[in-house]
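1. generate coordinates for the sequence data below:
(one chain, ligands or ions: 1)
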Amino acid sequence: MSVMINKRAVRVCLAPMAGFTDSAMRIISREWGADLTFTEMVSAKAVRYGDKKTLTLSRIDEREGDCILQLFGSEPDTLAYATEALLATAEIKPVGIDINMGCPVNKIFQNGEGSALTKNPSLIYDIVKSTRSATDLPLSVKMRLGVDDAHKNAVECALAAESAGADFITVHGRTRAQMYSGESDLLSIAEVKSALHIPLIASGDVVDGESALRILSRTGADAIMVGRAAIGNPFVFAEIKSALDGNAKSEITLETKMTTALRQLSLAIELKGEHTAVLESRKQLALYFKGMKGASALRGALNTATTYAEITELLSAIGE
Ligand SMILES: Cc1cc2nc3c(=O)[nH]c(=O)nc-3n(C[C@H](O)[C@H](O)[C@H](O)COP(=O)(O)O)c2cc1C
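-> Numbers count the residues shown, from 1 in each chain. Sure, this is the predicted structure:
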């Protein structure tokens with residue numbers, strides 16, 4: 001079985017990550033081999049209230065290629081409304097809609113959104129059914145294993161989404177209580193995969209070619225998703241693609257890292273303006289040079305940089 005987007009089978013995707021997966025990161029990830037990307041989660045309620053910042057977050061640049069728009073919310077009609085409203089907006093042309101059922105953050109959880117939805121499989125059914133009626137594009141759900149160890153009900157939740165019309169499901173192999181601790185539970189993801197009749201994407205702890213192959217074979221997943229390991233490291237997609245094709249990984253030179261980091265920053269500047277782009281890039285740029293001579297000094301220095309020129313100056317001090 002395959003996750004099919006625009007008649008192409010997806011093998012590896014960039015995970016949605018709030019505060020990171022903006023258009024610039026998505027463009028770069030696609031250039032390095034991600035078959036599909038996701039926007040960060042966008043509030044369906046905020047769309048309904050016409051919040052301008054939310055519309056900016058939802059924008060998908062035409063250079064991006066295949067990108068899925070992720071929404072969060074708990075009201076079936078609001079999710080359907082947001083789907084229709086965003087799809088009718090010229091600058092927003094996703095190839096699919098994903099609904100967040102995994103976010104563990106307190107504020108979201110206490111609102112009954114994100115991972116709180118796994119407490120209520122019949123609400124999952126209603127949400128997917130309602131959103132399904134708003135679009136013919138591929139529709140998916142991304143969930144965790146459940147709220148905590150005593151409530152690992154991802155199979156039931158995934159089946160509810162499937163029967164309401166979801167086209168595929170992504171499962172992050174942790175409970176809400178785990179946040180990001182421990183390891184992604186591959187056996188539990190495998191249980192969801194064997195219960196479903198639609199494709200499944202495995203999320204959690206895919207960091208390189210070896211982990212990608214292991215997670216695919218242990219879970220039986222149809223595709224994998226890379227989150228944290230892709231921050232400051234879009235090269236991970238090329239490495240995973242090589243591993244999937246049975247090839248060795250290619251070494252990435254310092255020059256390539258430098259050019260790619262600066263290209264990501266330039267794209268972000270073009271899309272958001274220099275000030276915002278530079279401030280937001282601080283947490284990501286240093287990771288491009290992790291483990292290299294001068295990387296920790298760079299991390300500190302980036303925290304005061306406010307212009308592209310200052311950043312190029314700082315990067316010139318990095319050595320192999
Ligand atoms: C900073 C950060 C932000 C995230 N934001 C989202 C989000 O907006 N929507 C979502 O479904 N998952 C979100 N996630 C979860 C990731 O998509 C992914 O499932 C999780 O990080 C596990 O994968 P990884 O081990 O490859 O990072 C976020 C994770 C991180 C670390």
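2. got the residues of the stretch 1-150 of the chain near the ligand?
-> For the stretch 1-150 of the chain, the residues in contact with the ligand (CB under 6 Å from any ligand atom) are 15-20, 40-41, 70, 100, 102-103, 142. Glycine gets a C-beta too; all of them are placed from N, C-alpha and C.
3. from the residues you listed, which land in strands?
-> If you go by DSSP state E, those have Gln70, Asn100, Lys142 in strands.
4. take the residues you listed and write them to JSON lines, including distance to Ser242.
-> Shown next, in JSON lines, are these (distance: CB to CB, whole Å):
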{"residue": "Gln70", "distance to Ser242": "28"}
{"residue": "Asn100", "distance to Ser242": "31"}
{"residue": "Lys142", "distance to Ser242": "26"}
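5. contact partners for the residue in the chain that the ligand sits nearest to?
-> Nearest residue of the chain to the ligand: Gly227, at 2.7 Å (CB to the nearest ligand atom). Counting by CB atoms under 8 Å, 6 or more residues apart in numbering, Gly227 makes contact with Leu14, Ala15, Met17, Ser203, Gly204, Val206.
6. show me which residues of the helix or strand of the chain with the lowest mean pLDDT are buried.
-> Sorted by mean pLDDT, DSSP states H and E, the helices and strands of the chain end with helix 295-302, the least confident at a mean of 88. Neighbour-count burial for helix 295-302 flags Ala295, Leu298, Arg299, Ala301, Leu302 (criterion: 16 or more other CB atoms under 10 Å).
7. stretch 81-92 too?
-> Of the residues in stretch 81-92, those buried (16+ other CB under 10 Å) are Tyr81, Ala82, Thr83, Ala85, Leu86, Leu87, Ile92.
8. any chance of a markdown table for the ones in strands among the residues of the stretch 1-150 of the chain next to the ligand, columns neighbour count?
-> Putting these into a markdown table (neighbours: other CB atoms under 10 Å) gives the following:
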| residue | neighbour count |
| --- | --- |
| Gln70 | 26 |
| Asn100 | 26 |
| Lys142 | 27 |
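9. could I get those in a markdown table, plus columns for pLDDT?
-> As requested, these are exported to a markdown table (pLDDT from 0 to 100):
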| residue | pLDDT |
| --- | --- |
| Gln70 | 98 |
| Asn100 | 98 |
| Lys142 | 98 |
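10. for the least confident helix or strand of the chain, packing partners?
-> Counting contacts by 3 or more CB pairs under 8 Å, 6 or more residues apart in numbering; DSSP states H and E, helix 295-302 packs against helix 274-288, helix 308-315.
11. could you give the angle of the last one to helix 274-288?
-> Here helix 308-315 points in a direction 20 degrees away from that of helix 274-288 (axes from the mean of the first three to the mean of the last three CA atoms, to 10 degrees).
12. what's next to helix 308-315, contact-wise?
-> 258, 261-262, 265-266, 269, 274, 278, 281, 285, 289, 298, 301-302, 305.
13. mind running it again at 6 Å?
-> Met258, Leu298, Ala301, Ala305 (CB atoms under 6 Å, 6 or more residues apart in numbering).
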